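[1] what's the 3D shape of this:
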Amino acid sequence: MSKIVVTGGAGFIGSHIAEKLAKDGHEIVMIDNLDNYYTPELKKQNIEIVQKSGDAIFVNADVTDLNKMKEIIDSTVDYVFHEAAQAGIQISVEDPFKPNNVNVTGTLNVLKASLDAGVKKLINASSSSVYGKVKYLPFDEQHPNQPVSPYGVSKLAAEHYCRLFYEVYGLPTISLRYFTVYGPRMRPDLAISIFTQKMLHNEFITIFGDGEKTRDFTYIDDIVKANLELLETSDADGRIMNVGNGNRISMNDLSTNLKLIIGASSEISYVNAQKGDAEHTLANIELAKELIGYKPSVGIEEGLQRFVEWYRKFENSLRIQKTRG
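    Sure, this is the predicted structure:
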């Protein structure tokens, strides 16, 4: 078994990866600064879940602190899953400096610490936001990168640093471009969380724009499987690849599906589209199929059913709070 560091280990995706690795018998170190972008209470619950799953410790630390990263990622660490990031398209539009500091400088710090420690491999969480303006669909990895938000720019810069650390310094890295990940424990500021919370109480929901923007929603279990496959192969070293579902759905259809699952009567209020929000996303996943045998197993209907069931069960303990505004 290996010693594995998961940055952002208290967050949505990071905690799921850490949980599965702990269950598989690995020694896990979760790094997270418990940023209050959304309530830290949810992250503390995630930490407890991971620690109950196996050999896992939590370290409250910030990836922007190079010395701290060097202290934690030492010669005893075999692998690093870099999930820490300042998420949120809109917060990046309002304040482009924070995502740059966390997502670019923070990634550079984790890469440097991993290189110095002799880590076997670093898997970097990237985003479909690096594509931005649509030239064609589905997005393959050769699609032009024209991000439409500072967040997208920061994730693209992080990808380039990962590539350079592989090509120049010899540190095996892979960047996975996630497409709109959802599922149990997802962030409370994302559409599926917000819609579900409001629909369970038949409250109005808000859709930005006309509701015809589309997203390729990817269930968390498929994201975790893709990450763990990278421990078993070197075929993807130095590469960048999409990890999506390979299907897209409009926000209007998403809300309709959720209303049917929940049995809600919520009405929809349409407001102006938000700046920095991409029109469409859709993943071409052929490269991931070729390199790691990736095959998404959970479609949107099943995924929404699973999420709603989970949310109903844990709603009282979630203590969801509005993050901003």
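[2] from here on, just use CA atoms for contacts and neighbour counts.
    Noted.
[3] in the stretch 201-325 of the chain, which spans are strands?
    Along the stretch 201-325 of the chain, counting by DSSP state E, counting those that start in this stretch, strands occupy 205-208, 214-215, 218-219, 240-243, 249-250, 268-271.
[4] now do the stretch 1-150 of the chain
    Secondary structure of the stretch 1-150 of the chain, counting by DSSP E, counting those that start in this stretch: strands at 3-7, 27-32, 56-60, 79-82, 121-127.
[5] before we move on, back to that, the strands of the stretch 201-325 of the chain: which one's closest to Leu287?
    Shortest distance between Leu287 and those, using C-alpha to C-alpha, is found for strand 240-243: 6.5 Å.
[6] which elements pack onto the closest one?
    Under the contact criterion of 3 or more C-alpha pairs under 8 Å, 6 or more residues apart in numbering; DSSP states H and E, strand 240-243 touches strand 173-178, helix 286-292.
[7] what's next to the first one, contact-wise?
    The set of residues external to strand 173-178 that reach it, using C-alpha atoms under 8 Å, 6 or more residues apart in numbering, is 121-128, 159, 162-163, 165-166, 218, 223, 236-244.
[8] sorry, back to before: need the strands of the stretch 1-150 of the chain in CSV (columns: mean pLDDT and mean neighbour count).
    CSV is the format used below for the strands of the stretch 1-150 of the chain (pLDDT from 0 to 100; neighbours: other C-alpha atoms under 10 Å):
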stretch, mean pLDDT, mean neighbour count
strand 3-7, 99, 24
strand 27-32, 98, 24
strand 56-60, 98, 17
strand 79-82, 98, 24
strand 121-127, 98, 25
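[9] can you put those strands in CSV and add distance to Glu279?
    Compiled in CSV, the strands of the stretch 1-150 of the chain are given as follows (distance: least, C-alpha to C-alpha, whole Å):
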stretch, distance to Glu279
strand 3-7, 30
strand 27-32, 31
strand 56-60, 36
strand 79-82, 27
strand 121-127, 15
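[10] nearest to Pro138, out of these?
    Nearest of the strands of the stretch 1-150 of the chain (C-alpha to C-alpha): strand 121-127, 14.7 Å.
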